[in-house]
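# based on what follows, work out the 3D shape:
(2 chains)
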Amino acid sequence: MKGALLEGLLVAAIGAALAFAANALSPRGLELTKNYFPGTKRALPPPAEAAQPTGAPGVKTNSPLELLAGRLRENGLQLADSNLAAQWYRDPRREQDQVIFIDARDEEHYRAGHIPGAYHFDRFHPEDYLTNVVSVCLAAQQIVFYCNGGDCDDSEHAAVMLRDGIGIPKEKVFVYGGGITEWATNGLPIEVGLRNSGQLTNVNSSATLGKTTQAK
Amino acid sequence: MTNAVQSPGKHRARAVAALLARWLLGGLFIYLGLSKVLHETEFLTFVRQQLMVTNPFLSGLIARTGPWLEVLYGLLLLAGIGREAAAVVARWWLGAVFIYMGLNKALPHPEAFLKLVRQYDMVTSPIWLNSIGAALPWFEVYCGVLLLVGLGVRGAALNLVAMLVPFTLIVLKRALVLAAASSVPFCAVRFDCGCGAGEVFVCHKLVENSVLLLLSAWLLTGRGRQLCMRYSLFRPKDQASGERP
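Numbers count the residues shown, from 1 in each chain, chains lettered A, B, ... in the order given. All right, here's what the predicted structure looks like:
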């Protein structure tokens, strides 16, 4: 057994060195010293992560939205609910980038469908996106960050990162808690592909389910 | 491995423990295989989406035959037939699983795994968190490769045991928290545990981890020596690949 233990230690030592080397060489490797989760930590696991069998009782604790609002306040952020998000989407100022939406998910999810006209900012790879978002963020009056909704907290971290990184006044920064999931459930339009691709789809409407339509 | 100095009682106790472990492992394999047979559609989706086998014929073939191979393997373990060959198969299977799981975490979105590690509240320091998120997937791949080629097998198996025990416990702990928070039965809890296979039902995951743990422990006892590049790192190749002590 002693031999196995020594071998295990040797395997672990070599493995650790190789693992860190592989991470360093990987184009998508993580930076060890970077804080990828700025702001306050999430306190409780979201109940929505559990499967809800038929007839299962609802959650008895504070609603996820209340928990989220409290956490956002701690981070100096403001919560935007679905009504506010929809209202800003229809706001004429959005056409002039006075009101902007920022999608904080990864490239794959962004291309699969985002709020029409939303800018993309993946905080894990900020170098790829900063040039596109810094100037519009500084010029905008309202900036709404969102991700998937539910337990997703990428929007919060992205909001804190950009707000603190480029000095956006905190009054301008909002987080749409329901995220793209709620947006789609509410039957609001979704843009597929790149920003302003013009390919709109509404995942909740039976008339356009699974279809894409060219924007006017 | 000094069999000569072991008392008959101790030797018998070890033999009984090994027998029970083998039966348990066999039973778990049969359970896993049959559960896939009963949920063929879900398994087919898993093969297509997670294993990325897009060819319809190939994915269908894997989805139909894979579960029955697991059942057959479980039966062989229960019956104790071809144990040495079964151990070699176990080594290859374990190696392939860890290579797949590790690559799924390391590529193409290591940050997704980082987020999942964070949910367990194991560490608070960004450096420690990032180190786990960055190194663990590649370490799994490395251990998987060692097992697949048969290099330092017991050392690799020991490291897998050392990873699987705490990881299984923290998955269990988080599942209990989720079950309590959402008032659903424990086995109805489904979440992405960071295992590299997406969202899973926790009971199924715990069974899978038990299988991985038992297989690793089995290899740690000195089985699976055949077809090894160099079974032991500290012994000459001719001795290392020889008879099991």
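# now do the helices in chain B.
For chain B, the helices defined by DSSP state H occupy B:8-38, B:40-49, B:56-79, B:83-106, B:110-118, B:126-149, B:153-182, B:202-220, B:237-240.
# any chance of those in TSV, plus distance to chain A and mean pLDDT?
For every residue, glycine as well, the C-beta is placed using N, CA and C. Output for those, formatted as TSV (distance: least, C-beta to the nearest C-beta, whole Å; pLDDT from 0 to 100):
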stretch	distance to chain A	mean pLDDT
helix B:8-38	13	87
helix B:40-49	13	87
helix B:56-79	20	91
helix B:83-106	7	91
helix B:110-118	4	89
helix B:126-149	4	94
helix B:153-182	3	92
helix B:202-220	6	91
helix B:237-240	10	54
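# please identify the most buried of the ones you listed.
For these, average neighbour numbers computed from mean count of other C-beta atoms under 10 Å in any protein chain shown are highest in helix B:126-149, which has a mean of 22.
# which other helices and strands does that helix contact?
Contacting helix B:126-149 under the criterion 3 or more C-beta pairs under 8 Å, 6 or more residues apart in numbering or on different chains; DSSP states H and E are the following elements: helix A:2-25, helix B:83-106, helix B:110-118, helix B:153-182.
# closest one to A:P189 among those?
helix B:110-118 (27.0 Å; C-beta to C-beta).
# B:F234 contacts A:E7, doesn't it?
Yes: between B:F234 and A:E7 there is a contact under C-beta atoms under 8 Å: 6.2 Å.
# pick out whichever of the two has more residues nearby.
A:E7 (23 against 14; other C-beta atoms under 10 Å in any protein chain shown).
# contacts only, for that one.
Applying C-beta atoms under 8 Å, 6 or more residues apart in numbering or on different chains, we find A:E7 in contact with B:G152, B:R154, B:G155, B:L158, B:S232, B:L233, B:F234.
# once you drop chain neighbours, what's closest to it?
Once flanking residues are discounted, A:E7 sits nearest to B:G155: 3.3 Å by C-beta to C-beta, 6 or more residues apart in numbering or on different chains.
# which ones are touching the one you found?
For B:G155, the contact set (C-beta under 8 Å, 6+ apart) comprises A:A4, A:E7, A:G8, A:L9, A:L10, A:V11, A:A12, B:L146, B:L233.
# of those - the most surrounded one?
Greatest neighbour count in those, by other C-beta under 10 Å, goes to B:L146: 26 neighbours.
# any idea how far A:V11 is from it?
Separation of B:L146 from A:V11 (C-beta to C-beta, to the nearest Å): 7 Å.
# which residues do those two both contact?
Here B:L146 and A:V11 have B:G152, B:G155, B:A156 as joint contacts, going by C-beta under 8 Å, 6+ apart.
# residue ranges of the helices in chain A, please?
A:2-25, A:64-74, A:82-90, A:107-112, A:130-139, A:154-166, A:179-185.
# if you average pLDDT over each of the ones you listed, which is lowest?
The minimum mean pLDDT among the helices of chain A belongs to helix A:64-74 (a mean of 81).
# give me the most central residue, chain A.
A:C147 (2.8 Å; C-alpha atoms, centre = their mean).
# isn't that residue right next to A:R105, touching?
Yes: with contact defined as C-beta under 8 Å, A:C147 and A:R105 form a contacting pair (5.1 Å).
# overlap in contacts of these two?
Taking C-beta under 8 Å, 6+ apart as the contact rule, A:C147 and A:R105 both touch A:D154, A:I180.
# from the chain's centroid, how far away is stretch B:139-157?
12 Å (C-alpha atoms, centre = their mean, to the nearest Å).
# contacting residues for the nearest residue to B:L72 once chain neighbours are set aside?
What sits nearest to B:L72 in space, not counting adjacent residues and going by C-beta to C-beta, 6+ apart, is B:G33, at 7.9 Å. B:G33 makes contacts with B:P67, B:W68, B:L69, B:E70, B:V71, B:L72, B:Y73, B:G74, as judged by C-beta under 8 Å, 6+ apart.
# cutoff 7 Å now
Neighbour list for B:G33: B:P67, B:W68, B:E70, B:V71, B:G74 [criterion: C-beta atoms under 7 Å, 6 or more residues apart in numbering or on different chains].
# and what of B:V171?
Going by C-beta under 7 Å, 6+ apart, B:V171 touches B:C193, B:V202, B:K205.
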